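Chemist: The following comprises the amino acid sequence and a computationally predicted model.
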Amino acid sequence: MNKASSKSIQELQSELEALKRKNEDLQKQLDTYDFSLFGYPKVVENAPIAFTRVLENTQGFALINKEFTRQSGYSREEFNARTDEDILASIHPEDKDGFLNAHGVWCDNKFKDTFRYIYRIINRENKILWLDVYYYAELDSEGRPYAIDQIYVDITDRVNAQEKLRESEDKYRRLTDSVPAAIFIFSDNKFIYGNDYSFTLTGFSLNELYEMNFWDLVHPDHKEVARDRGFARLKGEDVPSRYEIKILDRNGNVKWLDYTGTNIDYMGKPSVLGIAYDITELKSTQQALIDSELKYRTLIESMSEVIIYVDNHDKVIFVNDNAIRFFGYTKQELIGANAAELLVVDEYKKFIKDKIKLRKQGSKDKYEVMMKKKSGELMWVEISGAPLKDAEGNIIGSIGIHSNITDRKHYEDNIEKSLKQKELLLKEIHHRVKNNLQIISSLIKLQSAHIKDVEIHNLFSESQNRIKTMALIHEKLYRSTDLSVIEFYDYIKNLVYSLYSTYGTNINKVKPVIEFTSIYLDIDTSIPCGLIVNELISNCLKYAFPDGREGSIFINLTESETGNYEMTIRDDGVGIPPQVNFNNTSSLGLKLVKILAEQLGGKVELFRQNGTEFRISFKKLNYLKRT
């Protein structure tokens, strides 16, 4: 009993000693809380930065304020229930290794000083936050940490703002460096900023520019004006903000700038923002245009033609001196006036207005109109019109070159009257030739009536047909509107029906088939061709269809693209006997066909299959060349 009681007392004493030590540790913790945090419980709980305290012996969180729960997305109880692995997993993968290495160094240095690290976390809502973290170690008398105070400052907005600022600055820098203009800032007449193009424009590096006075670049011709305007602008006086100025680059080359200066406040100091475009080439082009325009105006003024420019509403915008002399108006009377209303006779005004409409669509043309002078005198004028365009190619009006053709028109009228008289005379000649040929044909007919020999009578009849063939051509020319050619289809049709009538052939038994349509031949070609058709059709009607035999006669005339002709006369009759030698024939008609083909400069071919076919190839005759 005593032994048991004694042992129980020893155990109680050991437990009491342990409780004392634990009480001392708790007292130390209590003292710390009162001093750093618990002395300000409301301030810490509602602070805009996150506070936590981790107890070393329990690895538990003794303190978590509201801001920490907002950052992490977990309540106090939920966060205390998380493992170290869970907490480390919330650190962004790209930042975790860096954090662990830095934290390890701090621990190896026995928690000296304050541990600070900036990293990202991925919270419970899967949002990424940037945190600026501070760790403070609370040490006991032996230098061992018994608590770690942690502060987490949410700097997400600041980091995002800095990133946006950096992107904005990069974008601005890229923008200013990509603009083909020098952009610079100067204060106290010294350059304090310049983009890359400033170097391109001046030839000086940016460091060299920063050491220079602004006026050092200005050309002596413009230095005084630029200096006066610069000082006046800084004083707030009203001066042109944009003007053209000359500078000298590093190599002494003169460059023209289109310069704009604006007052700004830069880093608390009054400064000037300058933007300068290199217009040296433009100035050279302008000067070349001035020189060209002077030459062009001199050329226009010295031309003998009358030149008038009008806008799209037919208002006169330019006239040369010859136009003033031509129409008798002063330049002041012409400029701004409606050209058609002032200068064109009434019957041509609508015609001119229609031409102006077409000109707006880009058309060019040449036409003749009746115009009037200030004195009322009328004259014929030939106008060559073309669109008037601006530098961008837009049609802004018309250019008209006017030539007085009154004398030419009178001459043309006289020629036309003369031609009409000659045309009437030619018609009368053809009419009389036709009448004379008909008289000859009638005389032959009367003469043949007294001939008893049948063969001789037939010869007279054939001659009569040949004369009728030629007379028919003169008849066609007499009735034609064009005395130089005849329509060959209509002529052949009349000729064939005339021959059918002469020989008493029924067209229903021997059908005439004209296979071509409309071809025009001149008289020199028509007469030989007509006589050839006369001979060959007559031959068909006499010999190809004996004893009432039925069939067809085909006539065709084709023209190639090269101006060659081919005339074909064929029948499906009995055919020419094989013993007849076409090249050495006694037949007057066939001899005449060969002679006429040679007269046309062509050749005749004979084909005897399935009847008879004559194929005559020739070219259009040109009697002007032959004579």
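Modeler: Yep, it's here.
Chemist: Look up which residues are beta-bridged to Ile486.
Modeler: Beta bridges link Ile486 to Leu521 when assigned by DSSP bridges.
Chemist: State the pLDDT value of it.
Modeler: Per-residue confidence (pLDDT) for Ile486: 76.
Chemist: Likewise for the one 3 residues further on?
Modeler: Reading off the per-residue confidence, Tyr489 sits at a pLDDT of 86.
Chemist: just to confirm, which helix or strand has it in it?
Modeler: Taking DSSP states H and E as the definition, one finds Tyr489 inside helix 488-503.
Chemist: Which secondary structure elements does that helix sit against?
Modeler: If contacts are counted by 3 or more C-beta pairs under 8 Å, 6 or more residues apart in numbering; DSSP states H and E, helix 488-503 sits against helix 454-479, strand 510-514, helix 523-539, strand 551-559. C-betas here are computed from N, CA, C, even on glycine.
Chemist: just for the stretch 151-300 of the chain, where's the confidence low?
Modeler: The stretch 151-300 of the chain contains residues with pLDDT under 70 at 165, 168-169, 172-173, 175-178, 289, 291-300.
Chemist: where along it do the helices fall?
Modeler: 156-178, 196-202, 206-210, 220-234, 280-302 (DSSP state H, counting those that start in this stretch).
Chemist: Also the stretch 301-450 of the chain?
Modeler: 321-327, 331-334, 339-343, 346-360, 406-448.
Chemist: and for the third one, what are the contacting residues?
Modeler: So that's helix 339-343. For helix 339-343, the external contacting residues (C-beta atoms under 8 Å, 6 or more residues apart in numbering) are 308, 310, 314-316, 327, 329, 334, 349, 352-353, 356, 371-372, 400.
Chemist: And those residues, which is closest to Ala147?
Modeler: Nearest to Ala147 among the contacts of helix 339-343: Lys315, at 95.9 Å, using C-beta to C-beta.
Chemist: And that closest one, how close does it get to Leu334?
Modeler: 10 Å (C-beta to C-beta, to the nearest Å).
Chemist: Then Arg82?
Modeler: Distance of Arg82 to Leu334, computed by C-beta to C-beta: 97 Å.
Chemist: Of the two, which one has the most company?
Modeler: Using other C-beta atoms under 10 Å as the criterion, Arg82 and Leu334 rank with Leu334 on top: 20 against 14.
Chemist: got the contact list for the more buried one?
Modeler: Counting by C-beta under 8 Å, 6+ apart, Leu334 touches Ile308, Val316, Val319, Ala323, Ile324, Phe327, Leu342.
Chemist: quick revisit: got a quick PyMOL command for the buried subset of the contacts of helix 339-343?
Modeler: Applying 16 or more other C-beta atoms under 10 Å to the contacts of helix 339-343, the buried members can be selected in PyMOL as follows:
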select buried, resi 308+310+314+316+327+329+334+349+352+356+371+372+400
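Chemist: Flag the least confident of the contacts of helix 339-343.
Modeler: On pLDDT alone, Ile356 ranks lowest of the contacts of helix 339-343, at 79.
Chemist: Spit out the contact partners of that residue.
Modeler: By C-beta under 8 Å, 6+ apart, the residues touching Ile356 are Val310, Asn312, Asp314, Ala340, Ser398.
Chemist: can you check Asn46 too?
Modeler: Counting by C-beta under 8 Å, 6+ apart, Asn46 has contacts Asn65, Lys66.
Chemist: go on, the one 5 residues further on?
Modeler: Shown in contact with Phe51 (C-beta under 8 Å, 6+ apart): Leu37, Val44, Leu63, Ile64, Asn65, Glu67, Phe68, Asp149, Gln150, Ile151.
Chemist: Just give me the neighbour total for the second one.
Modeler: A total of 18 residues lie near Val44 under the criterion other C-beta under 10 Å.
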